[in-house]
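Student: Model the following, please.
(one chain, ligands or ions: 3)
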Amino acid sequence: MRINFKLAKNPSPKISFVFFIFEADKISDQPLFKFLNKTESDYIKNISASIKIKYKDIKVFALPGENRKIIAIGLPKEKNFSGEKAMFAMRMAVWAAKKEKIAEFAFWVCPVGSEEKTREFYESISLNAVTANFEFIKYKSGKNEHVFVREIQAICANPDKNIAEGFKRGMTIGEEINACRELANTPGGDMTPQILANHAKNDSRGTKIKTTIFDEKKIKSLGMGGIIGVSKGSAEKPRFIIMEYWGGQKNEKPVVLVGKGVTFDTGGLNLKPDQAIYEMHMDMSGGSAVIHSIRTAARLGLKKNIVAIVPAVENMPSGSSYHPGDVLKTISGKTIEVLNTDAEGRIILADALSYAKKYNPKLVVDVATLTGAAIVALGQRYTGLFTPDKKLEELFRKLGEESGDKVWPLPLSEDYEDEIKGTFGDWANVGKTRYGGATTAAVFLWQFTKDSNGQLYPWVHLDIAPRMTAIEGEYLSKGAAGAPVRLLVKLLEKF
Ligand code: BES
Ligand code: ZN
Ligand code: ZN
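Tutor: Residues are numbered from 1 along each chain as shown. Ligands and ions are numbered 1, 2, ... in the order given. Modelled structure (predicted):
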């Protein structure tokens, strides 16, 4: 599913074209029009009088004679165009090409302002082409008949090195987003904490990432009673995955990414009902995202220090499961009163967030498919953003818009602490009411990022449950969406 981006002055003969057309513009004004032969251009001129390409349209024209097509993608009016609309347009183009079984096409490019803007714009273009090309076909027989886009020719009058550089970076990031989706999509029967750990290990090969795996014995000896507690019901032993990338200055503090790695969430003894359990093999999407974000950073050679941590467990009901009412002692010394075994993500993250302190981080970002309540609050288009730091909130919102991994702030306030005060333990793992579940989960996590002296480190929590799967109209294939890898990569570059 790799796409080869080729920058050239002329398209190869007989190749199909993609035209991106601003509303009110004519097909015959497209720069690539001049590469059509006379029969073809006469044909288009003839029919174009009666055809209007509106915003969001996808129209396909089979040209006479040769077996080539023009795919016309409708953009908004030029004044309403934006980076986000460009991302969607590119995904639409690749989506349409696949549907038409077009494995190669050409489109017109030109610099878009400063060198940096041009690089960023074309990074986004190639990235979105690559992610639109992905489908999870590992388990399909007959996958060789599947048509994917293999080559995209970017035609310009003066091939520009910033465009080429943007394409290259976008391809790298796009490939890692797809790898994140492939991993998250893997069915629960083929994904265990050990398999996830092996994946992290394999992914560090050929990079400067050093990966360490703690087994159950080590997790126990460190006092991570939260992780041990949640894992008890499963025949699969927990793992604690640590990936370190020291690409920056020796004395520079790292950014630590923490990802929820529940390889399957049945809910435990508080078993989930039929519909709710269905997609819970993707409950390690946060873990998958941080593994592939640090790998992207390594592949791009970022001069930064980064650590990714994934507590990995399977949450199962059995004779050895943890029980509602159990009190678990975490590595911080604080205890958790388990009121619902289905609120397991916050329990394992409690240990991981305390462990992160050891790195003296300049920032910790945790990423988790944490609550259904976040989906209720936000729908499926924005990730839930929680942080005690207003500046970080602003930064994440900005990076969210730029990356397409959009995030929206929800309250994180001490007001809610009353709702999760434990009766027999320090903190209860669910709130006293059924309201505001995304916030009570975040406020619970918050307790493990601070002590009596205050915040242990600057911290951001991303509840990616809303963005776990791609939705209709996004021009991404069904299944894991790969959020928020691109946002995290932008953060790692800029923070
Ligand atoms: N993994 C789920 C949250 C989830 C739900 C993610 C749907 C993606 C899609 C989490 O572990 C969970 O079960 N949360 C419970 C918490 C409740 C028991 C307080 C929930 O959201 O229902
Ligand atoms: Zn759960
Ligand atoms: Zn879960």
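Student: quick one: the closest residue to residue 143 other than its chain neighbours from ligand 1, how far?
Tutor: Ranked by CB to CB, 6 or more residues apart in numbering and with sequence neighbours excluded, the top spatial neighbour of residue 143 is residue 137, at 4.5 Å. Using the backbone N, CA and C atoms, a C-beta is placed for each residue, glycine as well. Applying CB to the nearest ligand atom, to the nearest Å, the value for residue 137 to ligand 1 is 24 Å.
Student: Residue 137: how many residues sit nearby?
Tutor: By the criterion of other CB atoms under 10 Å, residue 137 has 15 neighbours.
Student: Tell me where the stretch 251-400 of the chain has strands.
Tutor: With DSSP state E, counting those that start in this stretch as the criterion, the stretch 251-400 of the chain has strands at 255-259, 261-265, 305-315, 327-329, 335-337, 363-368, 383-386.
Student: Between those, which one is closest to residue 155.
Tutor: Nearest of the strands of the stretch 251-400 of the chain to residue 155, taken as CB to CB: strand 383-386 at 36.2 Å.
Student: Pull up the pairing partners for that closest one, direction included.
Tutor: Using DSSP bridges, the strands paired with strand 383-386 are strand 407-409 (parallel), strand 459-463 (antiparallel).
Student: Including distance to residue 70 and mean neighbour count, could the ones you listed go into CSV?
Tutor: Below are the strands paired with strand 383-386 laid out as CSV (distance: least, CB to CB, whole Å; neighbours: other CB atoms under 10 Å):
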stretch, distance to residue 70, mean neighbour count
strand 407-409, 37, 20
strand 459-463, 41, 28
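Student: thinking again about what came up before, how about the strands of the stretch 251-400 of the chain, which one is nearest residue 185?
Tutor: That would be strand 261-265 among these, by CB to CB, at 12.5 Å.
Student: Direction included, what does that closest one pair up with?
Tutor: If you go by DSSP bridges, strand 261-265 pairs up with strand 305-315 (parallel).
Student: Only the C-alpha atoms, please, for the strand it pairs with, written as PDB.
Tutor: Provided in PDB are the C-alpha atoms of strand 305-315 (Å, rounded to 0.1, in the frame of the first residue of the first chain):
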ATOM      1  CA  ASN A 305      14.300  13.100  23.900                       C
ATOM      2  CA  ILE A 306      11.100  11.100  24.000                       C
ATOM      3  CA  VAL A 307       9.800   8.200  26.000                       C
ATOM      4  CA  ALA A 308       6.700   6.100  25.300                       C
ATOM      5  CA  ILE A 309       5.200   3.900  28.000                       C
ATOM      6  CA  VAL A 310       2.400   1.400  27.500                       C
ATOM      7  CA  PRO A 311       0.900  -0.600  30.400                       C
ATOM      8  CA  ALA A 312      -0.500  -3.600  28.600                       C
ATOM      9  CA  VAL A 313      -3.200  -6.000  30.100                       C
ATOM     10  CA  GLU A 314      -6.200  -8.000  29.000                       C
ATOM     11  CA  ASN A 315      -9.400  -7.300  31.000                       C
END
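Student: what's the neighbour count on the nearest residue to residue 298 once chain neighbours are set aside?
Tutor: Using CB to CB, 6+ apart and skipping residues adjacent in sequence, the residue nearest residue 298 is residue 207, 3.9 Å away. As a burial measure, residue 207 scores 18 neighbours (other CB under 10 Å).
Student: Pull the contacting residues for residue 207.
Tutor: Residues near residue 207 by CB atoms under 8 Å, 6 or more residues apart in numbering: 245, 295, 298-299.
Student: Tell me the one among those nearest to residue 452.
Tutor: Using CB to CB, those come closest to residue 452 at residue 245, 32.5 Å.
Student: what's the helix or strand containing that closest one packed up against?
Tutor: Residue 245 is part of strand 239-246 when elements are defined by DSSP states H and E. In terms of contacts (3 or more CB pairs under 8 Å, 6 or more residues apart in numbering; DSSP states H and E), strand 239-246 is packed against helix 193-204, strand 209-214, helix 216-221, helix 285-300, strand 305-315.
Student: can you tell which of the ones you listed is closest to ligand 3?
Tutor: Within the helices and strands packed on strand 239-246, the stretch nearest ligand 3 is strand 305-315; the backing value is 6.6 Å (CB to the ion).
Student: Now that the residue nearest to residue 143 has come up, it's in contact with residue 146, right?
Tutor: Yes: contact criterion CB atoms under 8 Å: residue 137 and residue 146 qualify, at 5.9 Å.
Student: tell me which residues of stretch 308-323 are tucked away?
Tutor: For stretch 308-323, the neighbour count (16 or more other CB atoms under 10 Å) marks 308-317, 321-322 as buried.
Student: out of the contacts of residue 207, which are buried?
Tutor: Buried among these (16+ other CB under 10 Å): 245, 295, 298-299.
Student: and which of the buried residues of stretch 308-323 is nearest to ligand 2?
Tutor: Ligand 2 has its nearest neighbour among the buried residues of stretch 308-323 in residue 315, at 6.2 Å by CB to the ion.
Student: Residue 459: what's it in contact with?
Tutor: 353, 363-366, 387-389, 446, 449.
Student: Tell me who's in contact with whatever residue of the stretch 301-450 of the chain ends up closest to ligand 2.
Tutor: Using CB to the ion, the single residue of the stretch 301-450 of the chain nearest to ligand 2 is residue 342, 3.8 Å away. With contact taken as CB under 8 Å, 6+ apart, residue 342 is in contact with 265, 267-268, 270-272, 315.
Student: Try it again at 7 Å.
Tutor: Going by CB atoms under 7 Å, 6 or more residues apart in numbering, residue 342 touches 267-268, 270, 272.
Student: picking up where we left off before, could you give the angle of the strand holding residue 245 to strand 261-265?
Tutor: Between strand 239-246 and strand 261-265, the angle formed by their directions is 150 degrees, by axes from the mean of the first three to the mean of the last three CA atoms, to 10 degrees.
Student: okay, strand 239-246 in PDB with CA atoms only?
Tutor: Extracted C-alpha coordinates of strand 239-246, given in PDB (Å, rounded to 0.1, in the frame of the first residue of the first chain):
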ATOM      1  CA  ARG A 239       3.500  -6.300  30.300                       C
ATOM      2  CA  PHE A 240       4.900  -2.900  30.900                       C
ATOM      3  CA  ILE A 241       6.500  -1.500  27.700                       C
ATOM      4  CA  ILE A 242       9.000   1.300  27.800                       C
ATOM      5  CA  MET A 243      10.500   2.800  24.600                       C
ATOM      6  CA  GLU A 244      13.200   5.400  24.900                       C
ATOM      7  CA  TYR A 245      14.500   7.600  22.100                       C
ATOM      8  CA  TRP A 246      17.400   9.900  23.100                       C
END
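Student: For that strand, report the contacting residues that lie outside it.
Tutor: 193-194, 196-197, 200, 204, 208-215, 219, 227, 261, 291, 294, 297-298, 305-312.
Student: now the angle from that strand to strand 209-214?
Tutor: Calculated by the same axes, to 10 degrees, strand 239-246 forms an angle of 160 degrees with strand 209-214.
Student: what comes up buried for strand 239-246?
Tutor: Going by neighbour count (16+ other CB under 10 Å), the buried part of strand 239-246 is 239-245.
Student: need the residues of the stretch 151-300 of the chain near ligand 3, please.
Tutor: Residues of the stretch 151-300 of the chain lying near ligand 3 by CB under 5 Å from the ion: 262, 265, 283.
Student: between the residues you listed, which is closest to residue 23?
Tutor: Closest approach to residue 23 among those (CB to CB): residue 283, at 41.9 Å.
Student: so that closest one makes contact with residue 370?
Tutor: No: counting by CB atoms under 7 Å, residue 283 does not reach residue 370; the two are 9.5 Å apart.
Student: any common contacting residues for these two?
Tutor: residue 260.
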